[in-house]
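Asker: Prediction below, plus the sequence it came from.
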Amino acid sequence: MKRILYSLLIAAVILPGATAHLQARDRKPKTSKTVQAAEPVRNVILMIGDGMGLAQVTSYMLRGGAPLSLARAQSIGLQSTFSASSEVTDSAAAATALATGTKTNNGMISMTPDKQPLRSVLERAAAAGLATGLVDTHAITDATPVAFIGHNESRKNEDDLAADFLRTDIDLFIGGGRDHFEKRSDGRNISDELREKGYTVAYSLDTLAALDKSPVGILLADKSLPLVSQGRGDMLPRATDQALRLLSANGDKGFFVMIEGSHIDNGGHDNNAETVLSEIRDFDAAVKIALDFADRTPGTLVIITGDHETGGMTLPSDENKFDMGKLQPGDKNRATVQFSTKGHTACLIPVYAYGAGAARFSGFMDNTDIPKRIAEALHLE
């Protein structure tokens, strides 16, 4: 734990200088050399905390009330997040970078700025015969998950993006967004079209738990699922557990899955520290399930990161001066929470890795490096 805390502290110290170094949007940082791990990688679990930066993680370490599963990470790095059009990315451009390894403009989904489609690591994994999946607490057609399977000039075209689920043989998807599949302006019912392709499309995790084979799509809400504080319950940990159960039944081929805790971002946009904390707690519970799976499943790599930071969250002292003396119960010199914006920031984002091939994700990297290193680990074309 002390080593992880020290690494987080070092990351926090170098943030200002590293961010200032990104003076041009088209200039990528020099990346650290990766170390090849001896254990081959068969399964990759990519977990994205939307809007999750170092301050969000630290807030849970200070106030979460339970050990941080992320602290089990065997490798820690930092990623830059700027898009092709802005030093401050949106979720669409960030997800495109994390899915395809290529920068695009804010608002675009897995297309180049000149509207050429980009192949995602999920699509490449599916083509190689790996099982593939997406799990999300927002609509499954929202920017982050859909960038791994959809292609569109605008993230707002969610009906079109839902239809893209017919184009790739994804084995499993879980999230909200049922309206974009079944209550569409064009009259199509994408759920029925998926059923014609052999999918089980259902509307509860209980149905999923009773299934022993894919392909399957679980649409849990008409639009986004609610916040934990509004009644979402343990949907994300349960969905993570069930997704790993089904995807790991793929024999020797292995799998790739992206799992997002999307509502950390809501807490940042709302400048609501309690929402940030409850959503980080929920996300970390899913992280624990993934790490435990890796412990009992050789060849599994878990990568946990954010797409960007939201809210400009900081944790200053509640005193005007710092007292480095020994704290006593009831002392005031505790960290508080402050926000500097209701939007996104350009801050570097931590990257945590665990399991087979974790050493590939240490040091300084760009967000576009992450899917490239995943593809390299899985030997994808």
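Answerer: Yep, that arrived.
Asker: quick check, residue 265 in a helix?
Answerer: Yes - using DSSP: H, G, I helix; E, B strand; the rest coil, the secondary structure at residue 265 is a helix.
Asker: Grab the nearest non-local neighbour of it.
Answerer: residue 51 (3.3 Å; CB to CB, 6 or more residues apart in numbering). Quick note: C-beta positions are derived from backbone N, CA and C, even for glycine.
Asker: swap in residue 315?
Answerer: Excluding the flanking residues, the one nearest residue 315 by CB to CB, 6+ apart is residue 335, at 4.2 Å.
Asker: Only alpha carbons, please: show stretch 337-344 as PDB.
Answerer: Only the C-alpha atoms of stretch 337-344 are listed here, as PDB (Å, rounded to 0.1, in the frame of the first residue of the first chain):
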ATOM      1  CA  VAL A 337     -13.100  19.000  -1.800                       C
ATOM      2  CA  GLN A 338     -13.200  21.800  -4.200                       C
ATOM      3  CA  PHE A 339     -14.000  22.000  -7.900                       C
ATOM      4  CA  SER A 340     -12.800  24.600 -10.400                       C
ATOM      5  CA  THR A 341     -15.200  23.800 -13.300                       C
ATOM      6  CA  LYS A 342     -18.300  22.000 -14.300                       C
ATOM      7  CA  GLY A 343     -16.600  20.700 -17.400                       C
ATOM      8  CA  HIS A 344     -13.700  18.500 -18.300                       C
END
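Asker: How far off centre is it?
Answerer: Remark: stretch 337-344 is offset 20 Å from the chain centroid, using CA atoms, centre = their mean, to the nearest Å.
Asker: Give the buried residues for it.
Answerer: 337, 339, 344 (16 or more other CB atoms under 10 Å).
Asker: May I see these arranged in a markdown table, with distance to residue 92, pLDDT and secondary structure as well?
Answerer: Putting these into a markdown table (distance: CB to CB, whole Å; pLDDT from 0 to 100; DSSP: H, G, I helix; E, B strand; the rest coil) gives the following:
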| residue | distance to residue 92 | pLDDT | secondary structure |
| --- | --- | --- | --- |
| 337 | 27 | 93 | coil |
| 339 | 23 | 97 | coil |
| 344 | 12 | 99 | strand |
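Asker: for the residues you listed, which one is nearest residue 214?
Answerer: The shortest gap between residue 214 and any of the buried residues of stretch 337-344 belongs to residue 344, at 34.4 Å (CB to CB).
Asker: so what's that closest one bridging to?
Answerer: According to DSSP bridges, the residues that bridge with residue 344 are residue 310.
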